[in-house]
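1. okay, predicted coordinates and the sequence, questions at the end:
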Amino acid sequence: MGEDTARAEQAPQAAGAGEAAGSGRPAQSGQAGERRYGAFVAVRRHGDGGHVAELVLDRPEAMNAVSTEMAASLAAACDALAADRSVRVAVVTSSHPRAFCVGADLKERNGFSDADLMRQRPVARAAYTGVLELPMPTVAAVHGYALGGGFELALSCDLIVADATAVVGLPEVSVGVIPGGGGTQLLPRRVGAARAAELVFTARRVEAGEARELGLVDVLAARGGDRDEALSLAGRIAANSPVGLRAAKRALRLGHGLDLRTGLDVEDGAWRSVAFSGDRAEGVAAFNEKRRPQWPGE
């Protein structure tokens, strides 16, 4: 889990050592169409049928610095999304106007013993793994700071949309640790081993334009447009077969890094898993009848 290195810009953080004992509050209702997972994570549904789920990082007083409680809540929200077959796309957004997420909550960690830090580790891993292993396509909507663990949350998504204010990076070595939310594994898969090494070893921050050039983000939106662009992209994705989307993601993820022959076997297994699905039958029928498919999702 990445360290928070935006200290100069960071708003006061509310989390303290007492909060570290939290394991995520029970899910509760929020505003209409919203379900909350503790104080710091919310899920909102969008589009016809609510097929797009917006996973909101909602700890604005700390620029979404990830405390133990927030990590547990994020893991719980991801567990719920993973089990919900009606969700076709998930979009990770931020409620803070100047930051996506600034990484780990160092104010909380400042009071940790070594034992506290080790107790937090599986909670943190569950949060990042929860995002990474969501079975549907995922899109991160990034503006402002996405540093350390904040950038790792974005890297855990399939696609990253960033606006012109975005500043991304993995600066963990500057505070004596390494990326621990998947950064050392996910970044090379995006930009190659040498480029990833340069970014991790120098701990430098990368602004939006360069981030797009390097492939650190996939879509560059106008200032303030990351969320709208990400939700629009998610809507276009969600128009397709939910069975097909999940199988395609599985093939892309499992096949990456394998030799071609093994990768083609992975693809063949994913194809066979959907070949006799209700979605395939409906897709073929809709094509021949020149109408929009009504996906059964089976």
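-> Everything's here; your move.
2. next structured bit after the helix or strand where Ala80 lies?
-> Per DSSP states H and E: Ala80 is located in helix 68-82. Counting by DSSP H and E, the element after helix 68-82 in chain order, helix or strand, is strand 89-94.
3. each with direction, which strands does that following strand pair with?
-> Strand pairing for strand 89-94, using DSSP bridges, gives strand 52-57 (parallel), strand 138-142 (parallel).
4. so where is the chain shaky, pLDDT-wise?
-> Regions of the chain meeting the criterion pLDDT under 70 cover residues 1-32.
5. the helices in it, which residues?
-> Remark: helices assigned in the chain by DSSP state H are 68-82, 106-109, 114-132, 149-155, 183-191, 193-202, 208-214, 226-238, 242-255, 260-274, 278-288.
6. mean neighbour count added to those helices, as TSV?
-> No exception for glycine: its C-beta is placed from N, CA and C like everyone else's. TSV is the format used below for those (neighbours: other CB atoms under 10 Å):
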stretch	mean neighbour count
helix 68-82	23
helix 106-109	21
helix 114-132	17
helix 149-155	30
helix 183-191	18
helix 193-202	15
helix 208-214	17
helix 226-238	20
helix 242-255	18
helix 260-274	14
helix 278-288	14
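7. could the ones you listed go into JSON lines alongside distance to Val142?
-> Formatted as JSON lines, the helices of the chain follow (distance: least, CB to CB, whole Å):
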{"stretch": "helix 68-82", "distance to Val142": "16"}
{"stretch": "helix 106-109", "distance to Val142": "21"}
{"stretch": "helix 114-132", "distance to Val142": "13"}
{"stretch": "helix 149-155", "distance to Val142": "5"}
{"stretch": "helix 183-191", "distance to Val142": "14"}
{"stretch": "helix 193-202", "distance to Val142": "16"}
{"stretch": "helix 208-214", "distance to Val142": "9"}
{"stretch": "helix 226-238", "distance to Val142": "6"}
{"stretch": "helix 242-255", "distance to Val142": "20"}
{"stretch": "helix 260-274", "distance to Val142": "29"}
{"stretch": "helix 278-288", "distance to Val142": "31"}
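8. what's the closest of the ones you listed to Val139?
-> For Val139, the closest of the helices of the chain is helix 226-238, at 4.8 Å, according to CB to CB.
9. domains in the protein, by residue range?
-> Domain segmentation of the chain under automatic domain parsing yields 17-238, 242-288.
10. so which of the ones you listed gets nearest Pro296?
-> If we rank the domains of the chain by CB to CB, the stretch that ends up nearest is domain 242-288, at 3.9 Å.
11. how far does the closest one stretch from one end to the other?
-> End-to-end distance of domain 242-288 (CA to CA, to the nearest Å): 20 Å.
12. how far is that domain from where the chain is centred?
-> 22 Å (CA atoms, centre = their mean, to the nearest Å).
13. re earlier: out of the domains of the chain, nearest to Glu298?
-> For Glu298, the closest of the domains of the chain is domain 242-288, at 3.9 Å, according to CB to CB.
14. residue contacts, Arg204?
-> Counting by CB atoms under 8 Å, 6 or more residues apart in numbering, Arg204 makes contact with 169, 171.
15. now do 7 Å
-> Gly169 (CB atoms under 7 Å, 6 or more residues apart in numbering).
16. got it, and Ala99?
-> 63-64, 144-145.
17. so which of the residues you listed would you say is closest to Trp295?
-> Nearest to Trp295 out of these is Asn64 (CB to CB; 33.8 Å).
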